[in-house]
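# got a sequence here, can you build the structure:
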Amino acid sequence: MTTFVLIHGAYQGGWIWQRISSRLRAQGHTVYAPTLDGCGDRKASMRPGITTETHGQEIAELLFYEDLKDVVLVGTSSGGMVMAAAAERAPERVARVVFADALALFDGEKIRDIVKRPASIEGDIAMGPNREDAAGRLFAGLDEATKNWAADRITLHPRACFYEPVKLSRFWGMPWKASVLYCSQAPNPGEAHIRRSCDKLKGRWHVIDTGHYPMLSTPDELTRFILDA
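Presented below is the predicted three-dimensional model:
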């Protein structure tokens, strides 16, 4: 059996992986879906200084303190960058990296280079959509019950994760077993960005005809991809 660590994206928490976690556990796998600092159910810890790198360090420390080995890391959206930061810090514990319609920035790039639409709420420390924007735009393609369930759980995300350049001095030059998923209905990060990362990693390419939240819209297909990657 395999150990999976599922890393959420912006405005989310570990909650977004519930449908994938339950499917993987039902097959006997071990699954961690942590909520990152300042996000989701940890929103009370929001403060200055939370970055992609501090999030990556959190995941690396999870691998160490739980003594996890041969781990499959799965990152979605901005969680792709957290995954890369964690893998760079603990490569000896990582068997495979899976980018699930995820951002995959090179060293010195920032999310705002790719995702440029202003957030409906933007402060000095945190930013994100309000509930109306989340339901009407982010989750617009989901069924009504899922859309409302997800919109109720949206939280702001640390601003620095969007505006500070990522620091990945080694990740892209290291040999990874990688799989890369593109969701063809998602405007961001977009096919060109995702293909670039797949080419750089010499990874396995896969497409799902869905929006940016395949863990909510097509959980069976995403689970198969994660397992078969």
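# drop to CA atoms for contacts and neighbour counts, all remaining ones
Noted.
# now stretch 15-23, how far from the centre of its chain.
13 Å (C-alpha atoms, centre = their mean, to the nearest Å).
# from residue 141, how far out is the nearest residue to residue 139 once chain neighbours are set aside?
Excluding the flanking residues, the one nearest residue 139 by C-alpha to C-alpha, 6 or more residues apart in numbering is residue 147, at 5.5 Å. The gap separating residue 147 from residue 141 is 8 Å, by C-alpha to C-alpha, to the nearest Å.
# for the strand ranked longest in the chain, packing partners?
Longest strand in the chain, counting residues (DSSP state E): strand 94-102. Identification of packing neighbours for strand 94-102 by 3 or more C-alpha pairs under 8 Å, 6 or more residues apart in numbering; DSSP states H and E yields strand 71-77, helix 79-89, strand 178-183.
# just the mean pLDDT for that strand, thanks.
What strand 94-102 shows for mean pLDDT is 98.
# with stretch 206-218 instead?
Across stretch 206-218, the average pLDDT comes to 98.
# helices of this structure, start to end?
In the chain, the segments counted as helices under DSSP state H are 18-26, 52-65, 79-89, 131-133, 144-151, 160-163, 191-201, 214-217, 219-228.
# and those helices, which is most packed in?
Highest mean neighbour count among the helices of the chain (mean count of other C-alpha atoms under 10 Å): helix 79-89, with a mean of 27.
# quick one: contacts of that helix?
7-10, 52-53, 55-60, 73-75, 94, 97, 99-100, 102-105, 166-168, 170-171 (C-alpha atoms under 8 Å, 6 or more residues apart in numbering).
# ditto for stretch 196-214
For stretch 196-214, using C-alpha under 8 Å, 6+ apart, the contacting residues are 77, 101, 104, 139, 141, 172, 175-186, 188, 217-218, 221-222, 225, 229.
# redo that, cut-off 7 Å
Outside stretch 196-214, the residues within contact range by C-alpha atoms under 7 Å, 6 or more residues apart in numbering are 101, 104, 176-186, 222.
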